[in-house]
Structure formats: structure tokens, C-alpha cells
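Engineer: After the sequence you'll find the predicted model.
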Amino acid sequence: MNRRWLLQATVVLALLEMGPSAMGADERVLDAVDKLVESRGTSNADLDRLLHLMLAEQGSTEYFEIRVGDFPPRSPFSHIEVRKARDPNQRKGLIVLDIKTEPCVSARAVMDRYGAPEDIAPPLAGGPPDRPTDWSYPRPWGKLSFGIVSTADGECLSRAVIDWAK
């Protein structure tokens, strides 16, 4: 078990630190999202090792533990928030991963990997102009969503949300 987590942590760290010449930004980011999906129910310590970050508790409630962290400047990610149910019988939680839009991870790369989204929710009228369009992909364990924003480079991925209830 520990060797598996060590291997996964090494792979994610390598994905986060590889330069564009070793692997395209699209693949690096989407591979890391897939690893987070696989690791969504892990312990806090295992998730910290996987991310190579020490997430700090912030704004927790009686129902959810909320932990946050910022990635180093070289990472394609900027911020992460992890919410997990405090009740050990409730296997649900949420991971919000903010993704830098430079370099742009294209909306096309998201579609190539995950297919057409089942649901597309455009920003609400009157909302913040930089709010992304949300693409949702239902999964047996919950929902995987992506925030897509318009930039000078085209339609780019700005956020991944892993919302699990099982």
C-alpha cells in the first residue's frame, strides 16, 4: 500500500515538474487531474504526499474539513481546495483545482480525453466576466467538472472539480 502511494506521488510530482519539452501541458495537467480522481478518498497525509504540498486547514465546518494550498510558480496549477466529510461513514468530498491558463490547456484536449460534456453551464448573465463555462461529466462515483474560459490563446481550462459522493 505505501509503495503504491509513493509511486503515485512520484508520478504526480514528475508530471507537475516536467517541462513542456518532456510532455505537453495538456497531457501533464489532465494526467494529474486523473491521478487526483483516483486518489480522491485518500487520507490527508497521502494526499499531501501525492500533491507534494502541505495543505492547511481553513474554514472547516462541523460537517466538512476544508484544506487549501498554493502550488509553486513553476507548476501549471495555482491553488487547490479539498473538502472532505468529517463523518467517516460519509464518503463524500470535493476537490477544486485551479489551473493556470498560460500555457493554455485547450478545451479541445479536455474533449479529446473525456468526450463531449453531458452538461454545459455558461456563466450567468450579470455575473463576473471571468467566470468560466462549466462542463460536467457524471461518473459512477460523482461528477467531474471543468471550467473553460476564453483567453487570447482560445478556450482554455481554468479549473477542475472532483465532486464525489461514494
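Structural biologist: Received it, and whenever you're ready, just let me know what you need.
Engineer: Could you use CA atoms for every contact and neighbour count after this?
Structural biologist: OK.
Engineer: Number of residues surrounding Pro103?
Structural biologist: 15 (other Cα atoms under 10 Å).
Engineer: I should have written Arg49 there, sorry.
Structural biologist: Residues lying near Arg49 (other Cα under 10 Å) number 19.
Engineer: helix/strand/coil for it?
Structural biologist: helix (DSSP: H, G, I helix; E, B strand; the rest coil).
Engineer: Check Asp26 too.
Structural biologist: Going by three-state DSSP: Asp26 is helix.
Engineer: tell me the contacts of the spatially most central residue of the chain?
Structural biologist: The structure's the chain has its C-alpha centroid closest to Leu97; by Cα atoms, centre = their mean the separation is 3.5 Å. By Cα atoms under 8 Å, 6 or more residues apart in numbering, the contact set of Leu97 is Phe77, Ser78, His79, Ile80, Glu81, Arg159, Ala160, Val161.
Engineer: Max pairwise distance over those residues: which two?
Structural biologist: Of all pairs drawn from the contacts of Leu97, the widest gap by Cα to Cα lies between Ser78 and Val161 and measures 13.9 Å.
Engineer: Counting neighbours, go ahead and name the busier of those two.
Structural biologist: Comparing Ser78 with Val161 by other Cα under 10 Å, the one with more neighbours is Val161, at 23 against 18.
Engineer: So the more buried one is in contact with Ile99, correct?
Structural biologist: No - Val161 is not in contact with Ile99 according to Cα atoms under 8 Å; the separation is 10.7 Å.
Engineer: nearest spatial neighbour of the residue nearest to the centre of the chain, skipping sequence neighbours?
Structural biologist: Nearest in space to Leu97, with sequence neighbours left out and distances taken as Cα to Cα, 6 or more residues apart in numbering, is Ile80 at 4.6 Å.
Engineer: ok, and for the helix or strand harbouring the one you found, which residues are buried?
Structural biologist: Assigned by DSSP states H and E, Ile80 belongs to strand 77-85. By neighbour count on 16 or more other Cα atoms under 10 Å, the buried set for strand 77-85 is Phe77, Ser78, His79, Ile80, Glu81, Val82, Arg83, Lys84, Ala85.
Engineer: before we move on, what SS does Asp31 have?
Structural biologist: helix.
Engineer: and it, how many neighbours?
Structural biologist: Asp31 has 17 neighbours, counted by other Cα under 10 Å.
Engineer: what's the answer for the one 10 residues further on, then?
Structural biologist: Around Gly41 sit 17 other residues, with neighbours defined as other Cα under 10 Å.
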